[in-house]
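Engineer: Let's see this in three dimensions:
(chains A and B)
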There are 2 protein chains.
Amino acid sequence: MVEFGSQSMGDSTVQRVLIVGCGMIGTSVALALRNAGVAVDLTDRDPAAVAEGVRVGAGVAVMPGTPPADVVVIATPPSAVAQVLRKSQQCGLGKVYTDVAGAKRRIVADVERTRCDLTAYVPGHPIAGRELSGPSAARDDLFTGLPWALCPHPATPVTAVETVVELVTLCGGVPRILDPETHDRIVAVSSHVPHLVSAALAARFADATGTTLSLVGRGLRDTTRIAMGPPGLWRDILEQNAEPVTEVLESLVRDLAEATVALRNAADHDGALTDLLIRGNRGRARIVKAQQGPRKAGGSQTRHDGLED
Amino acid sequence: MVEFGSQSMGDSTVQRVLIVGCGMIGTSVALALRNAGVAVDLTDRDPAAVAEGVRVGAGVAVMPGTPPADVVVIATPPSAVAQVLRKSQQCGLGKVYTDVAGAKRRIVADVERTRCDLTAYVPGHPIAGRELSGPSAARDDLFTGLPWALCPHPATPVTAVETVVELVTLCGGVPRILDPETHDRIVAVSSHVPHLVSAALAARFADATGTTLSLVGRGLRDTTRIAMGPPGLWRDILEQNAEPVTEVLESLVRDLAEATVALRNAADHDGALTDLLIRGNRGRARIVKAQQGPRKAGGSQTRHDGLED
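Structural biologist: Below is the predicted model:
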């Protein structure tokens, strides 16, 4: 892997990267880039996180006077991205900037409002995660073969986008270009609402008895796996994507409420319960089919999806 | 495995079993018993299911004049159990009867009402499953090391219970004795509601676009896995356990509705959203801890849990 990085060093725009935020995702980006031979500087408002990032081989602590990075990756909680971007640009920390936040529309709006330099910022979001958090949970193969959304502003020149595409590819991710609104609607239904619902299922067991816990099967284990994410970070993500999330939540709650009425009445008169189970089968079949298809054949070419949805 | 069955044949009460209903669970019971050297007869109202059961080595088709089985396992959909039990007892198909239905209280009430012979019936429910259905999805190791609930009526003599405990143990399951009400409350929260919620999450994707499907991550794959169960069977299970299921559903819907309000107001004033995420963490931690504990050390002794809950 280092050989690949070294060999392509001559052509590569991405030779030095600064990671701002040494959480699980930021440190995983750093590890993946290190594997590809990229020089990585680390910073975090918590020095212990930087120390842990250095310990796991994710790079070195950034020093005063370090020359501007080719790319600055802002891997803070979503609500901090716009401010960190503005300050980083004011200090001239890098040539091109990206972030990894799970919701994009509000960040883009904040970035426009606070007059950040949009010609040097490409909003990003790797569609990858773990239920564990912190730098010690980072993995260098976290992004391998997985989509990594990029939502460039119309004002951003193609050279900046190409630089971030190169960073994504070096990390093993598959760059996917789409607009922030489409991105946010998709992650609301495919990630944010499932997270909240998983938490709600798991919450039934916060005070469960030993007998109840001893009879739990694999179904509950799978449906509650993602309920382990850090509450503060997830509240931030959900709030950043509030409108699309509430829209999906309301339709889901309506389905569950109708099923409850059917069960209360001891008869599924209008077929609401059966219909929900059938739609569940159909949706699950589509999810499984999609996973078996393009992902494996995906390779690393950039796909433009803004118009399809 | 056949040797073990043969060696213990002298002491074994369970030497011939009749499986009524060659679905995934019934056929898995048959396969597990065959592995333990037990003679298994199969029947189903669908001859094709019996033929498939025979093909996968689960036993032979029951013939007229076959002597009464040591145990009859009723593996029909839950709403059919009481009637099949009554008819089977009228025909003298077996000495002891059990079933595998996912809800127990209504079946026990039906069995009492229709004057089945309660001295020869031990209600059962293996806490095991697959998202696939039908005899070809059966597995001989489906029950290995997993709890198998038994809910004997006070009128049932201990010898009948011991016979079914032996059957469970021959299948590799861990017998767990508890009352039908406790059982039904536990499976409502640990299996039935998760199934319905998983279906509701997957249902959002029944008409999803290719772009949406291509950005689905592992979280959604796990949370929707159990949404694949057969709708007719699951409607039956949910209806059989309607009261406990609606109770859990209502509390879950309340949590999600409060989170929606917090997100709509763009502020988690009373902390409902954060509280739900924290309770999700706590519940998930308890689920994971319980899985790591007693299951592995469980062995095969029968546990009595009726009073603990």
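Engineer: who are the neighbours in contact with the residue in the stretch 51-200 of chain A positioned nearest to chain B?
Structural biologist: Proximity of the stretch 51-200 of chain A to chain B (Cβ to the nearest Cβ) peaks at residue A:199, 2.8 Å away. Placement of C-beta: from N, CA and C, glycine included. Applying Cβ atoms under 8 Å, 6 or more residues apart in numbering or on different chains to residue A:199 gives the contacts A:227, A:234, B:276-277, B:279-281, B:284.
Engineer: For the closest residue to it other than its chain neighbours, give me phi and psi.
Structural biologist: Once flanking residues are discounted, residue A:199 sits nearest to residue B:280: 2.8 Å by Cβ to Cβ, 6 or more residues apart in numbering or on different chains. Here is the backbone geometry of residue B:280 (degrees, to the nearest 10): phi -60, psi -50.
Engineer: Out of the contacts of residue A:199, the closest to residue A:251 would be?
Structural biologist: Among the contacts of residue A:199, residue B:276 lies closest to residue A:251 (Cβ to Cβ), at 18.8 Å.
Engineer: Low-confidence stretches in the stretch 151-300 of chain A?
Structural biologist: Counting by pLDDT under 70, the ranges of the stretch 151-300 of chain A that qualify are A:267-269, A:293-300.
Engineer: Among the contacts of residue A:199, which are located in helices?
Structural biologist: A:234, B:276-277, B:279-281, B:284 (DSSP state H).
Engineer: how about these in CSV, adding distance to residue B:144 and neighbour count?
Structural biologist: Formatted as CSV, the ones in helices among the contacts of residue A:199 follow (distance: Cβ to Cβ, whole Å; neighbours: other Cβ atoms under 10 Å in any protein chain shown):
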residue, distance to residue B:144, neighbour count
A:234, 36, 24
B:276, 36, 26
B:277, 35, 27
B:279, 33, 21
B:280, 30, 30
B:281, 31, 21
B:284, 25, 26
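Engineer: So which residues of the stretch 151-300 of chain A form strands?
Structural biologist: Remark: strands assigned in the stretch 151-300 of chain A by DSSP state E, counting those that start in this stretch are A:174-177.
Engineer: And the contacts of residue A:199, which is closest to residue B:142?
Structural biologist: For those, the nearest to residue B:142 is residue B:284 (25.1 Å; Cβ to Cβ).
Engineer: wait, doesn't the closest one sit right on residue A:223?
Structural biologist: No: taking contacts as Cβ atoms under 8 Å, residue B:284 lies outside contact range of residue A:223: 10.3 Å.
Engineer: ok so, going back, got the ones in helices among the contacts of residue A:199 as TSV, with distance to residue B:244 columns?
Structural biologist: TSV is the format used below for the ones in helices among the contacts of residue A:199 (distance: Cβ to Cβ, whole Å):
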residue	distance to residue B:244
A:234	29
B:276	21
B:277	25
B:279	20
B:280	21
B:281	25
B:284	22
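Engineer: Which single one of the residues you listed is nearest to residue A:211?
Structural biologist: Using Cβ to Cβ, the ones in helices among the contacts of residue A:199 come closest to residue A:211 at residue B:284, 18.5 Å.
Engineer: Look up how far chain A lies from the closest one.
Structural biologist: Distance, residue B:284 to chain A, by Cβ to the nearest Cβ, to the nearest Å: 4 Å.
Engineer: All the helices of chain A, residue numbers only.
Structural biologist: Along chain A, the segments classed as helices by DSSP H run A:2-7, A:24-35, A:47-55, A:81-90, A:105-113, A:158-170, A:180-187, A:193-203, A:210-214, A:218-223, A:231-240, A:242-264, A:272-292, A:294-297.
Engineer: contacting residues for the residue lying closest to residue A:161 once chain neighbours are set aside?
Structural biologist: Spatially, and ignoring its direct neighbours in sequence, residue A:161 is nearest to residue A:152 (4.8 Å; Cβ to Cβ, 6+ apart). Counting by Cβ under 8 Å, 6+ apart, residue A:152 touches A:122-123, A:160-161, A:177.
Engineer: Repeat that for residue A:230.
Structural biologist: Counted by Cβ under 8 Å, 6+ apart, residue A:230 has contacts residue A:133.
Engineer: Need phi/psi at it.
Structural biologist: Torsion angles, degrees, to the nearest 10, at residue A:230: phi -60, psi 120.
Engineer: One more: residue A:141?
Structural biologist: When read as degrees, to the nearest 10, the backbone of residue A:141 gives phi -110, psi 20.
Engineer: That one touches residue A:130, doesn't it?
Structural biologist: No: counting by Cβ under 8 Å, residue A:141 does not reach residue A:130; the two are 11.4 Å apart.
Engineer: Of these two, which one has the most company?
Structural biologist: In terms of neighbours (other Cβ atoms under 10 Å in any protein chain shown), residue A:130 is the more surrounded of residue A:141 and residue A:130; the figures are 17 against 14.
Engineer: so what's the backbone phi/psi at that one?
Structural biologist: phi -140, psi 160.
Engineer: ok, back up a step: as CSV, the contacts of residue A:199 with distance to residue A:89 would be great.
Structural biologist: What follows is those, written out as CSV (distance: Cβ to Cβ, whole Å):
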residue, distance to residue A:89
A:227, 37
A:234, 28
B:276, 36
B:277, 32
B:279, 40
B:280, 37
B:281, 36
B:284, 39
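Engineer: Among those, which one lies nearest to residue A:205?
Structural biologist: So of the contacts of residue A:199, ranked by how close each gets to residue A:205 (Cβ to Cβ), first place is residue B:284, at 7.6 Å.
Engineer: any idea how far residue A:231 is from the closest one?
Structural biologist: According to Cβ to Cβ, to the nearest Å, residue B:284 and residue A:231 sit 11 Å apart.
Engineer: again with residue A:79
Structural biologist: Distance from residue A:79 to residue A:231, by Cβ to Cβ: 14 Å.
Engineer: Check residue A:165 too.
Structural biologist: Taking Cβ to Cβ, one finds residue A:165 at 33 Å from residue A:231.
Engineer: and the two? which has more neighbours close in?
Structural biologist: residue A:165 (24 against 17).
Engineer: The more buried one is in contact with residue A:176, isn't it?
Structural biologist: No: with contact defined as Cβ under 8 Å, residue A:165 does not reach residue A:176; the gap is 10.2 Å.
Engineer: I'd like the average pLDDT over stretch A:136-144.
Structural biologist: Averaging pLDDT along stretch A:136-144 gives 96.
Engineer: For it, measure first residue to last.
Structural biologist: For stretch A:136-144, the first and last residues are 19 Å from each other (Cα to Cα, to the nearest Å).
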